[in-house]
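Student: Quick one: sequence and predicted model below, then my questions.
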Amino acid sequence: MKKIFGLFLLALSFLAPVSVGQATLVSLPSPIQFPGIVGNLGGAPSISATATLDAAGEYAAYAFVAREDMVISHVGFRTVTVAGSPTAEVRIETLDPATGLPSGTLWAANTNGTTGTISSNTNPLQALTASASITKGQAFCVKIVYASGTSIQIGHIASIAPYPSQSALPYQIVNVGTPTKAITSVTPTIALGSSATTFYQVPGTLPISAYTAGAFNNTNSAKRGILFTPPMNGRITGVRWFNSGNTGDFDACVRTGDAAGTEIGSSCTSFEGDNNSANFTATMTVYFDNPVTATAGTAYRVSIEPSSATNVNVSTFTLPSADYFSGSPAGSTAVYTSFATATWTDSTTQLPLMDVIFDQVDNGAGSGGGGGRCIGC
């Protein structure tokens, strides 16, 4: 039976606790989205310019508070358009507590480095001369300063904030004449590494290189979605993803994470394309007829499966390399997966614009769950 969008809402979250082995699942006051990729998506994402830097002293900077102890040796960012073979100085600085602006003082001696020649639409990764050791809870600033050449555009992801938008931290500071602070309602593409291949998960950032629209239909029995391994026991009750403005009929399913991709617990639920009859270019949220109890450390797939020749959409972000998964919301435990004809393919560099909805999680009293990180905090 086909379901109208939002028919269930969250009535399921009031069911009695469920046991998983020795662990007990308890209902959450409000469901959580794992791993937190979609966040506050206001439309089709794009990589746009935060600022054009073309004169001495101009910079784009971001203020953060460390959620863990960090030893930052590398800083990455995304460019948009550049001209005249530019270079940039990358700096970790303190913040002026009176103004909230970069202080101009390095975090410690030599916590800076200057890039080689920067190209358009690339992800430079600059090693600092000396690492910046930052303690959990300390505020700090990442600053990209014009150094030479004609101009550099520093990029951000427009139309998406993976964590609550218009929050106080992180915030951006742009100086193209006068330093100006602004709430970060877009997503910086900053990457902060403890090496050239290992990156910290920094709330409010997503170090991507591209966004790709993903319209598709039932040709070759196509399925697209997310392969993920939850860090906690929990109950999967739905899925939220960017469906753009597409109106095709589809099934939403929970499947095993192995090569077989077997449906779990009669979870596949049919939905009509008129769920998006308003044709909004936005996210869609649907709930399964039969929620699935998930076990920590076990791989699952949640997939969108078109049932007609009319398109649905599962779009993706591409990372500069597989190394950057460590800087994404769930690390390498959540990746883009697709199916055609008879084979599942799991990406090594892509994230789907998709989150899995959990309405119950392990209460921590048993021995079977926990161990996960807080997503988005």
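Tutor: Yep, that arrived.

Student: Quick one: end-to-end length of stretch 124-144, please.
Tutor: Stretch 124-144 has its terminal residues 11 Å apart, counting by CA to CA, to the nearest Å.

Student: what about it, distance to the chain center?
Tutor: The chain centroid and the centroid of stretch 124-144 are separated by 21 Å under CA atoms, centre = their mean, to the nearest Å.

Student: and what of stretch 198-216?
Tutor: That offset, for stretch 198-216, works out to 5 Å (CA atoms, centre = their mean).

Student: Output it as CSV, nothing but the C-alphas.
Tutor: The C-alpha trace of stretch 198-216 is given here as CSV (Å, rounded to 0.1, in the frame of the first residue of the first chain):
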residue,chain,number,x,y,z
THR,A,198,44.1,12.1,8.6
PHE,A,199,41.6,14.9,9.4
TYR,A,200,39.6,16.0,12.3
GLN,A,201,35.8,16.0,12.3
VAL,A,202,35.1,19.7,12.7
PRO,A,203,31.4,20.6,13.3
GLY,A,204,30.2,23.1,10.7
THR,A,205,32.7,22.1,8.0
LEU,A,206,32.6,19.6,5.1
PRO,A,207,35.8,19.3,3.0
ILE,A,208,34.3,18.5,-0.4
SER,A,209,35.5,19.0,-4.0
ALA,A,210,32.2,18.7,-5.9
TYR,A,211,28.4,18.3,-5.7
THR,A,212,26.7,16.1,-8.3
ALA,A,213,23.0,15.9,-9.0
GLY,A,214,21.7,12.4,-9.0
ALA,A,215,18.4,12.0,-10.9
PHE,A,216,17.7,8.3,-11.8
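
Student: list the buried ones in that stretch?
Tutor: Residues of stretch 198-216 classed as buried: 199-211, 214-216 (neighbour count, 16 or more other CB atoms under 10 Å). Just so you know, the C-beta spots here come from the backbone N, C-alpha and C atoms, and that holds for glycine as well.

Student: which one is residue 357 nearest to, not counting chain neighbours?
Tutor: residue 238 (3.9 Å; CB to CB, 6 or more residues apart in numbering).

Student: coming back round to it: return the member of the buried residues of stretch 198-216 nearest to residue 317.
Tutor: Nearest to residue 317 among the buried residues of stretch 198-216: residue 208, at 4.4 Å, using CB to CB.

Student: any idea how far residue 140 is from the closest one?
Tutor: Using CB to CB, to the nearest Å, one obtains 22 Å as the distance from residue 208 to residue 140.

Student: between the buried residues of stretch 198-216, which is closest to residue 315?
Tutor: Closest to residue 315, out of all of the buried residues of stretch 198-216 and judged by CB to CB, is residue 214, at 4.1 Å.

Student: Residue 317 is in contact with the closest one, correct?
Tutor: No. Residue 214 lies out of contact with residue 317 (CB atoms under 8 Å); the separation is 10.7 Å.

Student: quick check: domain ranges of this protein?
Tutor: 11-37+212-362, 47-205 (automatic domain parsing).

Student: which of these has the lowest average pLDDT?
Tutor: Lowest mean pLDDT within those: domain 11-37+212-362, at a mean of 88.

Student: So which elements touch the helix or strand residue 27 falls within?
Tutor: Applying DSSP states H and E as the criterion places residue 27 in strand 23-34. Judged by 3 or more CB pairs under 8 Å, 6 or more residues apart in numbering; DSSP states H and E, strand 23-34 is in contact with strand 18-20, strand 234-244, strand 354-362.

Student: can you rerun that using 10 Å?
Tutor: Secondary-structure packing of strand 23-34 (3 or more CB pairs under 10 Å, 6 or more residues apart in numbering; DSSP states H and E): strand 18-20, strand 234-244, strand 282-294, strand 354-362.

Student: Convert the second one to PDB, retaining C-alpha atoms only.
Tutor: As requested, the backbone C-alpha atoms of strand 234-244 are provided in PDB (Å, rounded to 0.1, in the frame of the first residue of the first chain):
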ATOM      1  CA  GLY A 234      19.200   1.800  17.700                       C
ATOM      2  CA  ARG A 235      16.000   1.600  15.700                       C
ATOM      3  CA  ILE A 236      15.800   2.900  12.100                       C
ATOM      4  CA  THR A 237      12.500   4.400  11.500                       C
ATOM      5  CA  GLY A 238      13.000   6.500   8.400                       C
ATOM      6  CA  VAL A 239      15.300   8.300   5.900                       C
ATOM      7  CA  ARG A 240      15.800  12.000   5.000                       C
ATOM      8  CA  TRP A 241      17.500  12.900   1.800                       C
ATOM      9  CA  PHE A 242      17.700  15.500  -1.000                       C
ATOM     10  CA  ASN A 243      15.200  14.500  -3.600                       C
ATOM     11  CA  SER A 244      15.500  17.800  -5.600                       C
END
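
Student: Understood, closing this out.
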